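Chemist: My questions are about this predicted structure, shown below with the sequence.
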Amino acid sequence: MARSAAKSAPAKSSQHKRPVERRKRVLLAKIGLDGHDRGIKVVARALRDGGIEVIYLGLHHTPAEIVASAIQEDADAVGLSIHSAAHMTLFEEVLKLLKKERATDIAVFGGGIIPDEDIRNLKKQGIREIFTPGAPLDQIVQFVKGLKRK
Amino acid sequence: MKKKRTERKSKFTNLSNIEIDRLYTERATRSIDPKSDLGQPGQFPYTRGVYPTMYRGQLWTMRQFSGFASASETNQRYHYLLKQGQTGLSVAFDLPTLMGYDSDHPKSLGEVGKCGVAIDTVHDMERLFDGIPLDRVSTSMTINAPAIVLFAMYLAVAEKQRVPFAQLRGTLQNDILKEYIAQKEWITSPEPALKLINDTVRFCVEEAPLFHPISISGYHIREAGSTAVQELAFTLYDGLTYVASAIKSGLKVDDFAPRLSFFFNAHNDFFEEIAKYRAARRLWAREIKKRFHPRDPKSMMLRFHTQTAGCTLTAQQPYNNIVRVALQALAGILGGTQSLHTNSMDETYALPTQEAVTIALRTQQIIAQESGVTDTVDPLAGSYYIESLTNRMEKEAQRYFKKLDAMGGMLRAIEKGFPQREIHRAAVAYQQEIDRKERLIVGMNAFVEEKERPIEILKVTGDVERRQVARLKKVKAERDPKKLRQALQRLTSAAEAGAYLMPLILDAVRAEATVGEISDVFRNVFGEYRETVSF
């Protein structure tokens, strides 16, 4: 599954001896103002242990900061964590800015305290997946590994 | 051949990873001296409780944390809760308010009124307490970095209601150390933040003696993933740091220590939690005595609020949460809490509906009125297991104290990321145990149901933000700009000079300065805090 991602990603020099496909690169960030970073840090650790390159931006980021970093870091995907109920406004803003920057090939997923009805709406708008409390770590790792750039 | 007794697991451990024996006997409590280690309720070291009569004299305060949307909507919920028999108010502020941003700040986009009530100016605070005489309720305010500002607004509302400051009862959370450690809502770096806390402590000592200026909080440390031992150790050590800081600012320990209070989590492991509360009282009494030599016994008494653990609730089969909350609440009560918040079953989805909050409140009332556990003081004392676990929790916490002392105190430890790292490690380990099914959570990794019926969820609409921003614009347009400018300038100069700021913040609030404008003074004079993260 990692191979398909390598095709669409720009070739990068590898530090390994034999040529291997480019590792998945994920940018994680806390969007909005809430400080609940337990989940995202545990997920960051699990993704890294799962062989994915993780850039964790930290707390209190605006959509504009996150989109700029995702492009600069050449991330395959952006994972957003939010527990403040501002997800509809802020996730929408991220998608809008990615479109404006012609970077819609970067997949966006999220997690936090998000009601089912909102999850359905966010997915309709283009968020690939939302993980809520209780999601097994392995499920998140497998999801990210299986992500394809559009 | 010897018959081997089989057990369900090869090893039984609690949530602090302390191994639990099959059986506890008199051997486990032999080292305990009932007089010096337990004492009578209301006597040093307060292991058995801070009051001689405990719940026979007075039940705990049933205090549901609540706040959402605008001040008027939250005010309606307060009137409802008071009518239902709730005995104290507890204000949840929205995230922009917690971070010291106004509702029209770009960082506030989408957040206004979502996690709590939006307060920009003294007018919002006045609407929040409309029809609630401030000399008749006790009000707890969960506010930290800008606590001094929101407290000043509360005082200004009291002035308008003609209630003397000396009659105000309530609690400010005002615990910035746990923000850097766990909850992560800050404005400035720790040193100036401690200075603002000292100023509120001084104000309470001099003018509002019934107000608790700091609620030293383990709740958020636990929610961030710590073990019970870490919650106990870091919280009490934060408390010792505030006491030392206030003494250094010129106050005497007996002037303010009796007004400090604590706030703990009530998690899943029933006996571990009870032991944690009992150990907390004993450890605090001993450490305060040893380190600060108070004369007033009240300076050594640890009083605390409890909230059931939000992080233990599951989105799956949400009705099960009612049962979890009942058990956690019972642990808090058997541990001798002075006030209690019970979470609602729908809080993994959103802020609770009125129906869900009512069930949570009724849970407390059922324990209080029907279960009989309130009829005698500290009913579990003398249990081999409880007493030996109380000892163990105290010892483990002391080991952290030694480490923190050696690091040069909590500020240095936070700079080094020590408590943050310890908590993160525990959070990762806990999640891995659940993922490996070494720890079973009903409905989540055991007894899973394929199809679940959705429950009703509270919705806070985007219109709140628009209306709040409009109200703020109106205040800004109508206030006296000269009076405002002067108040903010005087505050800036005083902050630069390191002077006592409470009276100047009160003046700024009276001049209709916003939470954001006063917080900007802090940002400009003291600088903003930035965290270095690791995972």
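Modeler: Received the coordinates, thanks.
Chemist: Okay, buried residues for the longest helix seen in chain A please.
Modeler: Of all the elements of type helix in chain A, the one with the most residues (DSSP state H) is helix A:87-100. Buried residues in helix A:87-100, counted by 16 or more other C-beta atoms under 10 Å in any protein chain shown: A:87, A:89-95, A:97-98. No exception for glycine: its C-beta is placed from N, CA and C like everyone else's.
Chemist: Then stretch B:435-454?
Modeler: Using 16+ other C-beta under 10 Å as the burial criterion, the residues of stretch B:435-454 that qualify are B:435, B:439, B:441, B:443-445.
Chemist: just checking: which of the residues you listed also lie near chain A?
Modeler: B:435, B:441, B:444-445 (C-beta under 8 Å from any C-beta of the partner chain).
Chemist: and the worst-scoring helix or strand of chain B on mean pLDDT, is it in reach of chain A?
Modeler: Among the helical and strand segments of chain B, the one scoring lowest on mean pLDDT, DSSP states H and E is strand B:65-66, with a mean of 85. No: counting by C-beta under 8 Å from any C-beta, chain A is not contacted by strand B:65-66; separation bottoms out at 14.6 Å.
Chemist: to the chain's geometric centre, what's the distance from the following helix or strand past that strand?
Modeler: On the C-terminal side of strand B:65-66, the closest following helix or strand by DSSP states H and E is helix B:71-83. Taking C-alpha atoms, centre = their mean, to the nearest Å, the mean C-alpha location of helix B:71-83 is offset from the chain mean by 21 Å.
Chemist: B:Asp375: neighbour count?
Modeler: 9 (other C-beta atoms under 10 Å in any protein chain shown).
Chemist: For the nearest residue to it once chain neighbours are set aside, the count of nearby residues, please.
Modeler: For B:Asp375, the nearest residue in space outside its immediate sequence neighbours is B:Arg56; the separation is 6.8 Å by C-beta to C-beta, 6 or more residues apart in numbering or on different chains. Other residues within reach of B:Arg56, judged by other C-beta under 10 Å, total 12.
Chemist: Please name the residues that touch B:Arg56.
Modeler: B:374-377 (C-beta atoms under 8 Å, 6 or more residues apart in numbering or on different chains).
Chemist: Mind pulling the model confidence for it?
Modeler: B:Arg56 is assigned 97 on the pLDDT scale.
Chemist: From chain A, how far off is it?
Modeler: Distance check for B:Arg56 against chain A: by C-beta to the nearest C-beta, to the nearest Å, it reads 39 Å.
Chemist: what does B:His212 give?
Modeler: Going from B:His212 to chain A by C-beta to the nearest C-beta gives 23 Å.
Chemist: my read: that residue touches B:Leu260, true?
Modeler: Yes: B:His212 sits in contact with B:Leu260 when judged by C-beta atoms under 8 Å, with a separation of 6.9 Å.
Chemist: looking at chain A, which helix or strand is least sure?
Modeler: Of all helical and strand segments in chain A, the minimum by mean pLDDT, DSSP H and E falls on helix A:2-8, at a mean of 36.
Chemist: Using CSV, write down the CA coordinates of the helix or strand just after it.
Modeler: The first helix or strand that comes after helix A:2-8 along the chain, using DSSP H and E, is strand A:25-30. What follows is strand A:25-30, C-alpha atoms only, in CSV (Å, rounded to 0.1, in the frame of the first residue of the first chain):
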residue,chain,number,x,y,z
ARG,A,25,4.7,11.9,5.9
VAL,A,26,2.0,13.1,8.2
LEU,A,27,1.6,16.5,9.7
LEU,A,28,-0.4,16.5,13.0
ALA,A,29,-1.7,19.6,14.7
LYS,A,30,-4.1,20.8,17.4
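Chemist: C-alpha coordinates for stretch B:26-33, CSV please?
Modeler: Extracted in CSV, the C-alpha atoms of stretch B:26-33 (Å, rounded to 0.1, in the frame of the first residue of the first chain):
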residue,chain,number,x,y,z
GLU,B,26,-3.3,-7.3,59.8
ARG,B,27,0.3,-7.5,58.6
ALA,B,28,-0.4,-4.9,56.0
THR,B,29,-1.4,-2.3,58.6
ARG,B,30,1.0,-3.2,61.4
SER,B,31,3.3,-0.3,60.7
ILE,B,32,0.4,2.2,61.0
ASP,B,33,0.1,4.2,64.2
